[in-house]
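Q: Provided below for reference: sequence and predicted model.
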Amino acid sequence: MSVLLVLEESNGKIKRASWEALAAALRLGPAESITAVVIGAQTQELAAEAATKRVGKVVRVEHPLLAQYTADGFCITLHQLIQNESPTQVVFPHTYQVRDYVPALACRMGQMLIGDVVAIEDGPVFTRQLMQGRVNGTYRHNGNGPCFVSVQAGAFRADGIDERPNAASTPIATFTPTIDATQIRTRPGAPFRGSAQTVDLGSTQRIVSVGRGIKDAANLPMAQELATALGAELAASRPICDNGWLPMERQVGSSGQTVAPKLYLAVGISGAIQHLVGMKGSQCIVAINKDPDAPIFEVADYGIVGDLFEVVPALTEAVKAAKE
Ligand SMILES: Cc1cc2nc3c(=O)[nH]c(=O)nc-3n(C[C@H](O)[C@H](O)[C@H](O)COP(=O)(O)OP(=O)(O)OC[C@H]3O[C@@H](n4cnc5c(N)ncnc54)[C@H](O)[C@@H]3O)c2cc1C
């Protein structure tokens, strides 16, 4: 088993989704079997960051034509690298960029992408969700050529990735692809952003998140009071932001932010798949919902079945009392 892990960066830093993909790659084989790949025109710092993680080797894929992402540039480059390295698995975070080019890359190599994987069992057997998360499908590669896999955000916890005590010992190689400007058919525009991110919920330790159960914007101060008592940020499901009750940057989910705090308190949120993908990597999930069958309870560590208008003020008082 040898794994090529293709890391993605943003503003010169490797994205957290890439480290979650590393956590997934570590289910496939030991750290020594994993080669982390960074791509760009200048990758020295990215490679140094990757070398601190549990990987056996880092490859810097460098070319001036890779200064900005293009689907053609990345497909041509990775095709050459994969032929060179002959990995059994090629693992990616399931980002917008990966959705853009990896199906074409896999197709070039006579393969398909097992996309948006949420679990990996021995075999390896990959699990993806189908029909809006109602059904799980399992997939096994036939072993004929490299297996392309992308990993859903929040499905694997990146905090299990120990930093290497001696990053200097991780070998870093450079690969220069053969690529010509005429092969790149598109000119890159500004990358898509799901929502503006002046509030970085991604690095917050505690979140109180409200859903449609809150009923009215006038009830938000009740949730804010609980958040303040807990030292937490206030976040929300999409309908709350769509209504303009909270800014879009506080939306959690597939078209909002992906979060993994120590505590995620879901208040009146049903647990639709688009919300779950943004928060299920949280370390401790507490859900308050009056419907005992709400899907949020399937991912919750602690569930309170009850009316949030009774539970939230009582919880706030209890937190305040505990702090005295
Ligand atoms: C392409 C696409 C992208 C999307 N992206 C996102 C996204 O990024 N984030 C997101 O959140 N959603 C997203 N959605 C929407 C998603 O499908 C759901 O519609 C949404 O998450 C539901 O929000 P909710 O749980 O707040 O509301 P609801 O599903 O209406 O749930 C409200 C819950 O509150 C409970 N409740 C009601 N009153 C009380 C009370 N008094 N006490 C306790 N509980 C109560 C109910 O039992 C219910 O479970 C997306 C949808 C699509 C199609």
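A: Structure received.
Q: Wait, a strand at I120?
A: Yes. The assignment for I120 is a strand, going by DSSP: H, G, I helix; E, B strand; the rest coil.
Q: Spatially nearest residue to it (excluding sequence neighbours)?
A: Spatial nearest neighbour of I120, excluding adjacent residues (Cβ to Cβ, 6 or more residues apart in numbering): R27 at 4.3 Å. For the C-beta atoms, the positions are set from N, CA and C on the backbone; glycine is no exception.
Q: What is the neighbour count of that neighbour?
A: 16 (other Cβ atoms under 10 Å).
Q: Could you do the one 5 residues further on as well?
A: Neighbourhood size, E32 [other Cβ under 10 Å]: 11.
Q: Quick check: beta-bridge partners of the residue nearest to T43 when sequence neighbours are not counted?
A: Leaving out its chain neighbours, the residue that sits closest to T43 by Cβ to Cβ, 6+ apart is R60, at 4.3 Å. With DSSP bridges as the criterion, R60 is bridged to V38, T174.
Q: can you check E233 too?
A: I207.
Q: so it makes contact with S203?
A: No. Using Cβ atoms under 8 Å, E233 makes no contact with S203, being 10.0 Å away.
Q: Please identify which of these two sits among more neighbours.
A: Higher neighbour count among E233 and S203: E233, with 19 against 10, using other Cβ under 10 Å.
Q: Contact partners for the more buried one?
A: V199, L201, T204, R206, I207, V208, A227, R250 (Cβ atoms under 8 Å, 6 or more residues apart in numbering).
Q: So for it, what's the pLDDT?
A: Listed pLDDT for E233 reads 95.
Q: What of A106?
A: pLDDT, A106: 98.
Q: Show me what the host helix or strand of it is packed up against.
A: Secondary structure from DSSP states H and E places A106 in helix 96-108. For helix 96-108, the helices and strands in contact under the criterion 3 or more Cβ pairs under 8 Å, 6 or more residues apart in numbering; DSSP states H and E are helix 71-85, strand 113-121, strand 147-151.
Q: ok, 10 Å please
A: Packing contacts for helix 96-108, counted by 3 or more Cβ pairs under 10 Å, 6 or more residues apart in numbering; DSSP states H and E, involve strand 3-6, helix 71-85, strand 89-93, strand 113-121, strand 147-151.
Q: quick one, which of the ones you listed is nearest to the ligand?
A: Among these, the nearest to the ligand by Cβ to the nearest ligand atom is strand 113-121 (13.6 Å).
Q: after the closest one, next one along is what?
A: Heading C-terminal from strand 113-121 (DSSP H and E), you reach strand 125-130.
Q: Show me what V252 bridges to in the sheet.
A: Beta-bridge partners, per DSSP bridges, of V252: Q257.
Q: residues in contact with it?
A: 154, 195, 201, 207, 209, 211, 235-238, 241, 258-259, 264, 266, 269, 274-279, 282 (Cβ atoms under 10 Å, 6 or more residues apart in numbering).
Q: Mark which of the residues you listed are part of strands, please.
A: When the contacts of V252 are checked against strands (DSSP state E), the matches are I207, S209, A235, A236, Y264, A266.
Q: what number of residues lie near A235?
A: Residue crowding around A235 was assessed by other Cβ under 10 Å; the count is 32.
Q: how much space between it and the ligand?
A: As judged by Cβ to the nearest ligand atom, to the nearest Å, A235 and the ligand stand 9 Å apart.
Q: Then P313?
A: P313 is 12 Å from the ligand, by Cβ to the nearest ligand atom.
Q: pLDDT wise, what is the nearest residue in space to that residue that is not next to it in sequence at?
A: Leaving out its chain neighbours, the residue that sits closest to P313 by Cβ to Cβ, 6+ apart is M222, at 6.4 Å. pLDDT for M222: 98.
Q: residues in contact with M222?
A: M222 sits in contact with V210, I214, V267, L308, F309, V312, P313, T316, where contact means Cβ under 10 Å, 6+ apart.
Q: so where does it fall, helix or strand?
A: helix 220-230.
Q: any residue of that helix up close to the ligand?
A: No. Figure legend: helix 220-230 not in contact with the ligand (Cβ under 6 Å from any ligand atom); closest approach 11.3 Å.
Q: from the contacts of M222, which is closest to the ligand?
A: Of all the contacts of M222, the ligand sits closest to L308, with 3.6 Å by Cβ to the nearest ligand atom.
Q: what's around that closest one, how many residues?
A: Count around L308 with other Cβ under 10 Å applied: 24.
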